[in-house]
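Undergrad: Show me the folded form of this:
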Amino acid sequence: MRFAIDWQDARLRAVRDLAPDIRLFEIEPGNPARTPAPGSHIGVTIAIDGRTDARCYSLIGEAEDGLYRIAVKRLPESRGGSAYMWTLEPGARLRISEPQNLFELALDRPDYLLIAGGIGITPIHGMALALARRGAPMRLLYACRRRSELAFADELRDHLGDRLSTFVDEEGQRMDLAAAIDALAPDGELYLCGPIGLMEAVRRQWRERGRPMERLRFESFGNSGRYAPEPFTVHIPRLGKTITVPENRSMLDALEAAGVELLSDCRRGECGLCAVDILAVDGEVDHRDVFFSDEQKAESHRMCACVSRAVGGGITIDTARRD
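TA: Below you'll find the model as predicted:
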């Protein structure tokens, strides 16, 4: 693991709706850490069907008043995390992790392009405000399906002015990713968070323009795919096991619960450590990771057990590889 996670008690101080399906949670930690850097997140323990699990949420702002703020989008296809969070009322007791950062903002670049899709604005929000305060050259592109979902847009507009561009899908507005990347200084850096389709489109444009991949920084949702989640079966002939994966649980979680040992780390489809070999598919694989390339996903020889799923039937895998 990249982090030894320390957990602490906390209290939910207040909640506020930012949009019809986006709610802001103000959390008072028992032991506030130093001011978290932009891009940081916390883990929050949740309860789903009588079992304890955890979800990660990006921090909003810099917690200068000692409160941690997160925004949670209520998802109709949730694995249970957002539904649980929306049941909480002010005063609820929580267990949270100390802030961690896998999406660190470098502050020495000559130019910045920030791109957010939907609730992906949560880590990008703090980055944009931090860069604005420093007077750094930057631009933020922020897209949502509906105008009512543009959480934080008014606040960001106050700080960024015309450096913020918003795009609403239902109004036919689309980002010109090629033009935005071309306008970025040669040594500039791009920070991206959003659904899998947006992430793949940005990565494709970035590669086609010959930009160095180390200058593209991203954080994934870890659960967005092309299909709605549905139950599926996993067959592991070598172990003589057949396991059912519920629609609200990851394949990795289901395998671990059945006693199948897998290496894992990020649990967001980024590190590839939990990848398994695909032997056969009855249906189709919904690749939800950002670890494998488009070509590897098309070949569908391997999949990330932490986020990817099967649709339309089941899948046969092997978990023996450890390269």
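Undergrad: Could you check how many residues crowd around the closest residue to G80 other than its chain neighbours?
TA: Excluding the flanking residues, the one nearest G80 by Cβ to Cβ, 6 or more residues apart in numbering is I48, at 3.7 Å. Yep, even glycine has a C-beta here, placed from its N, CA and C like the rest. I48: 18 surrounding residues under other Cβ atoms under 10 Å.
Undergrad: how near is I48 to A310?
TA: 21 Å (Cβ to Cβ, to the nearest Å).
Undergrad: Likewise for Q8?
TA: When distance is defined by Cβ to Cβ, Q8 is 38 Å away from A310.
Undergrad: more crowded one of these two?
TA: When neighbours are counted by other Cβ under 10 Å, A310 comes out ahead of the other of Q8 and A310, with 25 against 15.
Undergrad: Secondary structure class of R204, three-state.
TA: Here R204 is recorded as helix under DSSP: H, G, I helix; E, B strand; the rest coil.
Undergrad: State the pLDDT value of it.
TA: In this prediction, R204 carries a pLDDT score of 92.
Undergrad: G314 reaches E284, doesn't it?
TA: No. With contacts counted by Cβ atoms under 8 Å, G314 stays clear of E284, the gap being 11.1 Å.
Undergrad: more neighbours, the two?
TA: Between G314 and E284, counted using other Cβ under 10 Å, G314 has the larger neighbour count: 19 against 15.
Undergrad: From L255, how far out is the residue nearest to the more buried one when sequence neighbours are not counted?
TA: For G314, ignoring the flanking residues on the chain, the nearest one in space by Cβ to Cβ, 6+ apart is T233 at 3.6 Å. Separation of T233 from L255 (Cβ to Cβ): 12 Å.
Undergrad: who's more crowded, the two?
TA: L255 (24 against 15).
Undergrad: now the helix or strand containing that one, how far from the centre of its chain.
TA: Under the criterion of DSSP states H and E, L255 resides in helix 251-257. Its chain's average C-alpha position is 20 Å from that of helix 251-257, according to Cα atoms, centre = their mean, to the nearest Å.
Undergrad: Now do the contacts for the nearest residue to F218 once chain neighbours are set aside.
TA: Closest residue in space to F218, ignoring its immediate chain neighbours: L192 at 4.2 Å, by Cβ to Cβ, 6+ apart. Going by Cβ atoms under 8 Å, 6 or more residues apart in numbering, L192 touches 114-116, 120, 198-199, 202, 216-219.
Undergrad: Distance-wise, check L192 relative to R203.
TA: Look at L192 and R203: by Cβ to Cβ, they are 8 Å apart.
Undergrad: Mutual contacts of these two, please.
TA: The contact sets of L192 and R203 overlap at 216, 218 (Cβ under 8 Å, 6+ apart).
Undergrad: Would you list the phi and psi of the residue lying farthest from the centre of the chain?
TA: In the chain, the residue that sits farthest from the middle, by Cα atoms, centre = their mean, is G240; the gap is 33.7 Å. For G240, the backbone dihedrals are phi 70, psi 40 (criterion: degrees, to the nearest 10).
Undergrad: hang on, the earlier thing: quick check, the residue nearest to G80 in contact with N248.
TA: Yes. Counting by Cβ under 8 Å, I48 does reach N248; the two are 6.9 Å apart.
Undergrad: Which secondary structure elements does the helix or strand R217 falls within sit against?
TA: Under DSSP H and E, the secondary-structure element containing R217 is strand 216-220. Packed against strand 216-220 by the contact rule (3 or more Cβ pairs under 8 Å, 6 or more residues apart in numbering; DSSP states H and E) you find strand 189-194, helix 196-208.
Undergrad: Give me the sheet partners of the first one and which way each runs.
TA: Right, the one you point to is strand 189-194. Sheet pairing of strand 189-194 (DSSP bridges) gives strand 112-117 (parallel), strand 216-220 (parallel).
Undergrad: can you tell me which of the ones you listed the model trusts least?
TA: Sorting these by mean pLDDT places strand 216-220 lowest, at a mean of 88.
Undergrad: tell me how far that strand is from the chain's mean position?
TA: 9 Å.
Undergrad: What's the first helix or strand after it?
TA: Per DSSP H and E, strand 216-220 leads on to strand 232-236 as the next helix or strand towards the C-terminus.
Undergrad: Show residues contacting that next one.
TA: 241-245, 251, 254-255, 260, 283, 309-311, 313-319.
Undergrad: Thanks again, I'm all set now.
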